[in-house]
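# Let me see the structure of the following:
(one chain, ligands or ions: 2)
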Amino acid sequence: MAVSVFAPASLANFSVGFDALGLAVKPVDGTLLGDLVTVEQAEGENNLKVVGQFADKLPLAVEDNIVWSCLHLFNEAMADAGRATEKVTITLDKKMPVGSGLGSSACSVVAALAGLNAFYRDCFDEKTMLKMMGQMEAKISGSLHYDNVAPCYLGGLQLMVADEHIISRTLPDFKDCFYVMAYPGIEVSTKAAREVLPENYRRKDLLSYGQNLASFVDACHRQDKTQAFAVLQDVVAEPYRQSLLPGYEQARNYLLAQGSLAVGISGSGPTLFCVCDQEERAQELARWLQDNYLQTELGFVHVCRVDDLGARTLKD
Ligand SMILES: Nc1ncnc2c1ncn2[C@@H]1O[C@H](COP(=O)(O)OP(=O)(O)O)[C@@H](O)[C@H]1O
Ligand SMILES: N[C@@H](CCOP(=O)(O)O)C(=O)O
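Ligands and ions are numbered 1, 2, ... in the order given. The predicted structure is shown next:
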């Protein structure tokens with residue numbers, strides 16, 4: 001039996017929720033923006049094959065690929081649960097650029113663990129899976145944050161809650177919005193982008209942070225788009241990270257002047273996101289970003305909607 005699981009890209013932080021908000025996204029043109037993992041029974045030993053557009057951006061040694069760590073973690077959990085495991089071949093189709101701010105490592109982690117769980121006929125429940133995913137994401141970025149793995153696994157707009165038994169709750173999102181995601185084609189490591197953040201914040205910023213996040217969550221529940229996007233301002237990460245993103249400030253100013261509802265850094269960057277509620281306008285701004293924000297031939301721009309499904313098994 002072979003099982004294939006696709007896990008979508010995500011926009012972490014959403015400007016107002018550093019480590020606390022994340023949105024799963026999918027391109028409107030049907031492009032599979034995310035990683036695909038296939039798990040099948042193997043004759044001899046466990047093994048990992050890596051294919052796809054961004055395979056060559058990953059470490060050469062399988063032991064250094066986070067998917068390999070996911071297999072070990074999953075097998076340990078199976079042993080702890082008194083369940084037998086089989087030897088497997090895992091194929092990672094690495095469709096996501098690394099260090100992109102689109103939750104690339106989360107896509108691999110979620111697709112691998114969800115793929116293994118599907119292979120073993122859903123041995124573990126959603127919360128157990130999410131905890132394992134958080135553990136693997138922390139191994140890569142140096143700190144535990146669920147704002148990529150939760151939306152990637154569960155879909156939609158996710159709010160991380162301060163209760164380890166719940167971890168994440170789905171917030172009502174804005175169904176008529178388009179998210180233009182512009183990846184410039186350069187790498188910014190999440191670890192490095194966390195290191196540029198200050199240890200302490202000014203009281204003024206702390207107050208703005210709390211008020212913006214609370215106002216955003218309230219606006220989501222009331223479906224008040226005007227309020228939601230008016231408070232979408234990042235006082236925690238963007239001021240310190242934007243110098244890592246060539247052309248970010250100019251692009252942001254242009255996009256806001258053109259009527260975008262909001263503009264921000266996706267995850268730790270370098271991907272920029274911009275929100276519109278008209279598809280035509282989103283496509284126009286996507287063309288502008290294509291011409292003005294990309295730095296290398298690896299860059300791309302997608303007009304996206306919210307991905308409500310999260311990780312899913314793909315049929316042959
Ligand atoms: N399957 C994988 N997918 C993505 N990154 C991986 C994977 N396996 C190992 N890595 C390593 O993990 C790090 C991921 O970097 P990070 O900046 O967190 O990426 P992203 O923000 O895109 O998730 C890189 O050093 C990369 O080489
Ligand atoms: N909250 C994290 C999110 C990192 O997202 P990624 O897509 O860049 O991995 C942070 O901002 O550090």
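
# mind checking which helix or strand residue 92 is in?
strand 88-93 (DSSP states H and E).

# The closest residue to residue 41 other than its chain neighbours: neighbour count?
Residue nearest to residue 41 in three dimensions, not counting chain neighbours: residue 86, with 5.6 Å by C-beta to C-beta, 6 or more residues apart in numbering. C-beta here means a position set from N, CA and C on the backbone, and glycine is covered the same way. Residues within reach of residue 86, counting by other C-beta atoms under 10 Å, total 13.

# hang on, residue 86 in a strand?
No: under DSSP: H, G, I helix; E, B strand; the rest coil, residue 86 sits outside any strand and is assigned coil.

# Let's see the pLDDT reported for it.
Per-residue pLDDT puts residue 86 at 96.

# any idea which helix or strand comes after the strand holding residue 92?
Past strand 88-93, the next helix or strand by DSSP H and E is helix 104-119.

# and the next element down the chain from that following helix?
Immediately after helix 104-119, counting by DSSP H and E, sits helix 126-141.

# so what does that next one touch, helix or strand wise?
Counting by 3 or more C-beta pairs under 8 Å, 6 or more residues apart in numbering; DSSP states H and E, the packing neighbours recorded for helix 126-141 are helix 66-80, helix 104-119, helix 149-154, helix 190-195.

# quick revisit: CA atoms of the strand holding residue 92 as PDB?
In PDB, the C-alpha atoms belonging to strand 88-93 read as follows (Å, rounded to 0.1, in the frame of the first residue of the first chain):
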ATOM      1  CA  VAL A  88       9.100   2.000   4.700                       C
ATOM      2  CA  THR A  89      10.300   4.000   1.700                       C
ATOM      3  CA  ILE A  90       9.400   7.700   2.000                       C
ATOM      4  CA  THR A  91       9.500   9.900  -1.000                       C
ATOM      5  CA  LEU A  92       9.500  13.600  -0.400                       C
ATOM      6  CA  ASP A  93       8.500  15.800  -3.400                       C
END
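
# List the contacts of the closest residue to residue 36 other than its chain neighbours.
Take residue 36 and drop its neighbours on the chain: the residue closest to it by C-beta to C-beta, 6+ apart is residue 93, 4.0 Å away. Taking C-beta atoms under 8 Å, 6 or more residues apart in numbering, we find residue 93 in contact with 35-38, 51-52.
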